[in-house]
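In: fold the stuff below for me.
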Amino acid sequence: MPQSRTLPDLLQALNGFRESRVLLTAVELDVLSACGAGAGAGAVAAAAGADPRAMGMLLDALTALGVLAKDGDRYRCTEAGAALGRERAGLMHMARLWHTWSTLTECVRTGRSERRGPKGDDTAHFIAAMHARAVTMAAGAVRTVGAQGVRRLLDVGGGPATFAIAFAQAEPGLRAEVMDLEPVLPIARGHIRDAGLEGRVTARAGDLRTDPLGQGWDLILVSAICHMLSEEENQDLLARCVRALAPGGRVAIREFILDPDRAGPPTAALFALNMLVGTERGNTYTEAEYRAWLEGAGCGRVTRPDPQGDWIIGCR
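Out: Here you go, the predicted structure:
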């Protein structure tokens, strides 16, 4: 049941874009790094290539929001502001989303994304955001899905290799392969190298929509992938995943899962719109839809370990 909200709640939400825009502009201009332990508006503006008067106004707003502290004419990061600054690489993806979401009205009118392909460092920022999120989830993913006895793991569209690394660290005999597009591989290989797992975790180029997945996998991860695809594309992908499993192998899907009436939870319903503005036919889906796709592909048992969680596992 969606949460009931009052008119003041809705008006506050409508006005929330102001604070969001202030924070995102600070991220885009790398203001928090420039402030550091203390700097004047002129110095910060010079570092950002910005107007000093306008920068002073932005810094005062950031002070009002508790991101900065002001001593005379100098600004320094608060503890929260410094932490925010350290997340800049991942937050740059959120700044890109601001511009994509600004097309929502036209997307609803036309039924299609107005996005016109990646710009600049979109791929690097997107993968950095995915890694930052996955780092906080990786240990829980291993506990929920289980790594014991897994010898061969394929991470389809595995991006920064965060989950593949976590599973390899949890199970010494496990060897993992990350499959993703060519521009992503240097980032994945960097994380694999940093983890000291180059002998057990590899990355190869592949398009999950069309390229072969291989055979004999004990576990295939499909994490944060299905929302990018249409119903037909998901049916095809999951059928190919099941065919690629060893006997008794599992497909583990991590996703935003809609309630049966599709009107909640809010994160999943809002993420459906994120797919509307950012992809051709992406969406979020219900547990029943995932069950139907996995069972139709030949999974004899489909489970959702946590009825409110984001993992669905099919066993061949």
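
In: do a quick rundown of the strands in the stretch 51-200 of the chain.
Out: 68-71, 74-77, 152-156, 175-180 (DSSP state E, counting those that start in this stretch).

In: test my guess that residue 164 contacts residue 176.
Out: Yes: counting by Cβ atoms under 8 Å, residue 164 touches residue 176, with 4.0 Å between them. In short, each C-beta sits where N, CA and C put it, glycine included.

In: more neighbours: which of these two?
Out: residue 164 (32 against 28; other Cβ atoms under 10 Å).

In: dump the residue contacts of that one.
Out: With contacts defined as Cβ atoms under 8 Å, 6 or more residues apart in numbering, residue 164 is in contact with 153, 155, 158, 176, 177, 178, 192, 201, 221.

In: for the closest residue in space to the third one that isn't next to it in sequence, give its distance to residue 274.
Out: So the one you mean is residue 158. Counting by Cβ to Cβ, 6 or more residues apart in numbering, residue 158 lies nearest to residue 178, which is 3.6 Å off, once chain neighbours are set aside. Remark: distance between residue 178 and residue 274 (Cβ to Cβ, to the nearest Å) = 24 Å.

In: quick one: which of these two has more around it?
Out: Shown here are residue 178 and residue 274; by other Cβ under 10 Å, residue 178 has more neighbours (29 against 17).

In: follow-up on the earlier one: got the contacts of residue 164 as CSV, with pLDDT columns?
Out: Below are these laid out as CSV (pLDDT from 0 to 100):
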residue, pLDDT
153, 98
155, 98
158, 97
176, 98
177, 98
178, 98
192, 98
201, 98
221, 98
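
In: buried ones among these?
Out: Buried members of these, scored by 16 or more other Cβ atoms under 10 Å, are 153, 155, 158, 176, 177, 178, 192, 201, 221.

In: report the beta-bridge partners for the last one.
Out: So that's residue 221. Per DSSP bridges, the residues bridged to residue 221 are residue 155, residue 252.

In: how about the contacts made by it?
Out: Per Cβ under 8 Å, 6+ apart, neighbours of residue 221: 145, 153, 154, 155, 156, 158, 163, 164, 167, 252, 254.
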